[in-house]
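# pasting a predicted model and its sequence here:
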Amino acid sequence: MANDFTPVAGTHVFRAVHDQPVIVMATNIRVFPGIGKGVMRAAKEMDAAIIFEIAKSESDLTGGYTGMTPAQYAENCKAAASEIKHDIWVLHADHITIKKGDKAELDEVRKLVASQIENGFTSFAIDASHLFDFKGGDLRQEMAMNINCTTEIARFIKDKMGDRPFGLEVEVGEIGKKDEHGRVLTKPEEAVVFIQALQENDIDPDVIAIANGSVHGNNYDEKGNIVEQVSIDLQQTRAVAKALRAKGWRVRIAQHGITGTPRDLIATKFPKGDILKGNVATFYQNMVYDLLKVYNPSLYQDIYDWTIKKYADKSKGKPLGEIFGKNVKTAAKQFYKELNGQNEQFVKACEALSYAETMIWLRSFDNVGTAAKVRSYLKGAKGKK
């Protein structure tokens, strides 16, 4: 195992804690100063394996909506790990989305993935869940494009990574999708057919993202106030995991959209081990802007005004709080220099608060001590060579 605090392969982390009652925390850091270091410090303090991830929409070859390219995000994460000296962490490409599945889009995805690999990413999430044919004759036909595109990009990753191990996440249900009856939930048979098809194509995922009632970002009431999220269907989640386990597969569930879920509910009710990866992203974005209100209210007002002006016409009928909360993520790029140039007091506050909050998240996930399990796994794997 390297001693330079570079990221470990996602599959090693998932295999090391497989079927143990833990959820490995993953987080997308959209504004990095202070936050990334605080999260990494909490992981080291609690000897927890942790996943630093960033989605295609957040970070692409032009900077996505955060202003960070894969190279910049990787550099930030590696610098935090090196400074904190935490050895068990994963650099994960979250939501490599494919919405059309045509040659042009797949070519662009390959370019992005190639850059991610070049910059040391060790885990990848292929998300072609949007490609669902509701007119298909059976499940296999309905998911054919998802299966084909996921297979094609997974094979590309395999080829580019060579003999280096990596983590793989796939997605069968579009997160937060609604129909006339409410949020669409992934059925156990959908997950089984999807994974069966990938297995036949020699693709063996570590985790699968499903639609189970969560949404990305914050949840809002009719007045635009942020409210708790209690919509994750744990019974359906258990049913999907049970169906996958019954087939003898090691793939488990990646839970997206955890921000807003009460942490006592996670600590006492979540099916840990069925859910093996848990994503917390918008929570840390909220933290940055809440602190900015105190440390630099004029910049906060500029960001608020810019966001409302840009998105109000596209969100008619929505309260201002919701318009701001759902769209302020794009301000990270527009105000990149300002957000990354704040004074030392602000950065220290970000680090201190993210450190404390991450300790609570890690405890609620029962993620404490998982780094030791990964080290043990890596030693065993090395000994078998």
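Ah, there it is. Numbers count the residues shown, from 1 in each chain.
# for the rest of this, base every contact and every neighbour count on C-alpha atoms.
Will do.
# how close does residue 162 get to residue 59?
Relative to residue 59, residue 162 is positioned 24 Å away (criterion: CA to CA, to the nearest Å).
# the more surrounded of the two?
Neighbour tally, residue 162 and residue 59, criterion other CA atoms under 10 Å: the higher count belongs to residue 59, 24 against 8.
# how about the contacts made by the nearest residue to residue 115 once chain neighbours are set aside?
Nearest residue to residue 115 in three dimensions, chain neighbours excluded: residue 70, at 6.9 Å (CA to CA, 6 or more residues apart in numbering). Residues near residue 70 by CA atoms under 8 Å, 6 or more residues apart in numbering: 59, 60, 61, 63, 115, 116, 119.
# now for those: which two are most distant?
Distances among those were taken as CA to CA; the most separated pair is 63 and 119, at 14.3 Å.
# how close does the spatially closest residue to residue 14 that is not a sequence neighbour get to residue 12?
Closest residue to residue 14 apart from its sequence neighbours, by CA to CA, 6+ apart: residue 206 at 6.6 Å. Applying CA to CA, the value for residue 206 to residue 12 is 10 Å.
# higher neighbour count, the two?
Taking neighbours as other CA under 10 Å, residue 206 and residue 12 compare with residue 206 leading, 27 against 20.
# what helices or strands is the longest strand along the chain leaning on?
As assigned by DSSP state E, the longest strand anywhere in the chain is strand 89-97. Strand 89-97 sits against helix 10-16, strand 50-55, strand 123-127, with contacts defined as 3 or more CA pairs under 8 Å, 6 or more residues apart in numbering; DSSP states H and E.
# export those to a markdown table and append columns for mean pLDDT and distance to residue 170.
Shown next, in a markdown table, are the helices and strands packed on strand 89-97 (pLDDT from 0 to 100; distance: least, CA to CA, whole Å):
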| stretch | mean pLDDT | distance to residue 170 |
| --- | --- | --- |
| helix 10-16 | 98 | 13 |
| strand 50-55 | 98 | 13 |
| strand 123-127 | 98 | 5 |
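# closest one to residue 359 among those?
That would be, of the helices and strands packed on strand 89-97 and by CA to CA, strand 50-55, which comes in at 11.6 Å.
# residue at max distance from the center of this protein?
Most distant from the centre of the chain: residue 137, at 32.2 Å, with distances by CA atoms, centre = their mean.
# from residue 97, how far off is it?
25 Å.
# may I have the biggest helix by length in the chain exported as CSV, CA atoms only?
Using DSSP state H, we find that the single longest helix of the chain is helix 344-364. The C-alpha trace of helix 344-364 is given here as CSV (Å, rounded to 0.1, in the frame of the first residue of the first chain):
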residue,chain,number,x,y,z
GLU,A,344,-8.3,32.7,7.2
GLN,A,345,-11.1,33.1,9.8
PHE,A,346,-13.8,32.0,7.3
VAL,A,347,-11.7,29.0,6.1
LYS,A,348,-11.0,28.0,9.7
ALA,A,349,-14.7,28.2,10.5
CYS,A,350,-15.5,26.0,7.5
GLU,A,351,-12.9,23.5,8.6
ALA,A,352,-14.1,23.4,12.3
LEU,A,353,-17.7,23.1,11.4
SER,A,354,-17.2,20.5,8.7
TYR,A,355,-15.0,18.5,11.0
ALA,A,356,-17.6,18.4,13.8
GLU,A,357,-20.5,17.7,11.5
THR,A,358,-18.6,14.9,9.6
MET,A,359,-17.9,13.2,12.9
ILE,A,360,-21.7,13.0,13.5
TRP,A,361,-22.3,11.7,9.9
LEU,A,362,-19.7,9.0,10.3
ARG,A,363,-21.1,7.9,13.6
SER,A,364,-24.7,7.8,12.2
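# that helix vs strand 50-55, what angle?
Angle, helix 344-364 to strand 50-55, by axes from the mean of the first three to the mean of the last three CA atoms, to 10 degrees: 110 degrees.
# I'd like the distance from whatever helix or strand comes next after helix 344-364 to the chain centre, please.
Per DSSP states H and E, the first helix or strand lying C-terminal to helix 344-364 is helix 370-384. Centre-to-centre, helix 370-384 and its host chain are 24 Å apart (CA atoms, centre = their mean, to the nearest Å).
# now do helix 370-384, average pLDDT.
If you average the pLDDT over helix 370-384, you get 87.
# and if you look at stretch 155-174?
Across stretch 155-174, the average pLDDT comes to 95.
# do stretch 238-245 as well
In the prediction, stretch 238-245 has an average pLDDT of 96.
# that one: which residues count as buried?
For stretch 238-245, the neighbour count (16 or more other CA atoms under 10 Å) marks 238, 239, 240, 241, 243, 244, 245 as buried.
# surely the fourth one touches residue 273?
No. Distance between residue 241 and residue 273: 9.2 Å, which falls outside the contact criterion (CA atoms under 8 Å).
# count the neighbours of the residue nearest to residue 143 when sequence neighbours are not counted for me.
With CA to CA, 6+ apart as the criterion, residue 143 has its nearest non-adjacent residue at 5.4 Å, and that residue is residue 132. For residue 132, the count of nearby residues is 20 (other CA under 10 Å).
# doesn't residue 276 belong to a strand?
Yes. The assignment for residue 276 is a strand, going by DSSP: H, G, I helix; E, B strand; the rest coil.
# that one: how many residues sit nearby?
26.
# find the residue closest to it in space, skipping its chain neighbours.
Per CA to CA, 6+ apart, closest to residue 276 is residue 23, 4.5 Å.
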